[in-house]
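[1] Dropping a prediction and its sequence here:
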Amino acid sequence: MNLTSGLIDAKTTGPIGWLIFDNQSKLNALSPGMYEDGLEVIQAYEADPAIKVVVMRGAGTRAFISGADITSFNKTRSDPVAAAAAREAPNKLRHKLIHLEKPLIAMIYGYCLGGGLGMALNADMRFASSDSQFSVPAALRGIAYAPEGLKQLVDLVGPSVAKDIMFSARRLKAEEALRVGLINRIVEADQLEAETIAYAEVLAANAPLSMKASKYFINQLGLEQHERDDARMDAMQREAEKSEDFKEATRSFMEKRKPVFIGR
């Protein structure tokens with residue numbers, strides 16, 4: 001990987017690939033160059049069959065991502081042309097995260113604000129520390145939040161709660177975030193990483209083709225009927241039925257042992 005910003009780290013622990021936003025002096029705020037490096041990391045994990053699950057997090061325990069780096073706005077949002085160019089890299093990363101065929105978990109400590117919450121919404125699941133806080137302060141910044149990101153928020157919490165979050169720009173504590181469906185689970189901060197790893201290892205031991213199909217099908221079900229790729233969904237079902245993993249699952253059941261999946 002050729003990472004140039006100095007603000008993105010990548011590491012692997014067994015079958016888990018980590019994407020780490022490391023801008024701790026600004027509470028991991030998203031600064032220029034981080035999106036491009038993040039895309040580089042995700043593309044590498046996507047191509048590596050040894051990586052079964054991806055976890056993204058902020059460095060340290062004070063913040064997942066505190067939002068966009070406002071000090072860069074004078075340059076990146078100075079005029080419509082600059083703003084359009086500045087949106088290109090985030091949009092590419094967002095698209096890759098959403099369509100990553102492997103499970104993606106956001107592990108969230110502390111502040112998860114603005115663009116940080118937007119980044120977390122790209123994950124399949126969000127595990128958060130008990131002291132985490134969530135908000136989208138667009139109404140305090142004079143920003144019209146992008147429709148694509150708003151749809152993700154609405155899909156999770158519903159229109160009324162999404163309007164509350166956007167209109168008020170208030171911060172939700174972890175308990176409320178869990179109650180409204182913004183996150184999947186709350187864990188004490190000193191146990192969050194261990195619990196996230198344990199869960200990721202459970203997924204890593206499961207059948208990759210099955211999880212790939214489930215992720216794609218669930219995403220497709222969020223589309224209108226005419227937008228869905230029914231042919232691809234049918235092909236993915238047939239692929240799983242004919243796979244070595246399907247045969248291994250049957251053998252292991254008969255032999256009363258855990259299956260060992262190979263992803264084909």
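    Here it is on my side, so go on. Numbering: from 1, shown residues only.
[2] where do the helices sit along the stretch 51-200 of the chain?
    73-76, 80-99, 115-121, 138-141, 147-157, 159-168, 174-180, 189-204 (DSSP state H, counting those that start in this stretch).
[3] so what does the third one touch, helix or strand wise?
    Using 3 or more CB pairs under 8 Å, 6 or more residues apart in numbering; DSSP states H and E as the contact criterion, the secondary-structure elements in contact with helix 115-121 are strand 63-65, helix 80-99, strand 104-108, helix 147-157. Where you see a C-beta, it was placed from the backbone N, CA and C, and this is true even at glycine.
[4] what angle do the third one and helix 80-99 make?
    To tie it back to what came earlier, the one meant is strand 104-108. 110 degrees (axes from the mean of the first three to the mean of the last three CA atoms, to 10 degrees).
[5] Deepest-packed of the helices and strands packed on helix 115-121, please.
    strand 63-65 (a mean of 28; mean count of other CB atoms under 10 Å).
[6] now for that one, which elements pack on it?
    Against strand 63-65 (3+ CB pairs under 8 Å, 6+ apart) you get strand 53-58, strand 104-108, strand 111-113, helix 115-121.
[7] Present the helices and strands packed on helix 115-121 as CSV; the columns should include distance to residue 182 and mean pLDDT.
    Putting the helices and strands packed on helix 115-121 into CSV (distance: least, CB to CB, whole Å; pLDDT from 0 to 100) gives the following:
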stretch, distance to residue 182, mean pLDDT
strand 63-65, 13, 98
helix 80-99, 17, 85
strand 104-108, 10, 98
helix 147-157, 6, 94
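[8] Redo the ones you listed as JSON lines? Include distance to residue 37.
    Output for those, formatted as JSON lines (distance: least, CB to CB, whole Å):
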{"stretch": "strand 63-65", "distance to residue 37": "14"}
{"stretch": "helix 80-99", "distance to residue 37": "9"}
{"stretch": "strand 104-108", "distance to residue 37": "17"}
{"stretch": "helix 147-157", "distance to residue 37": "21"}
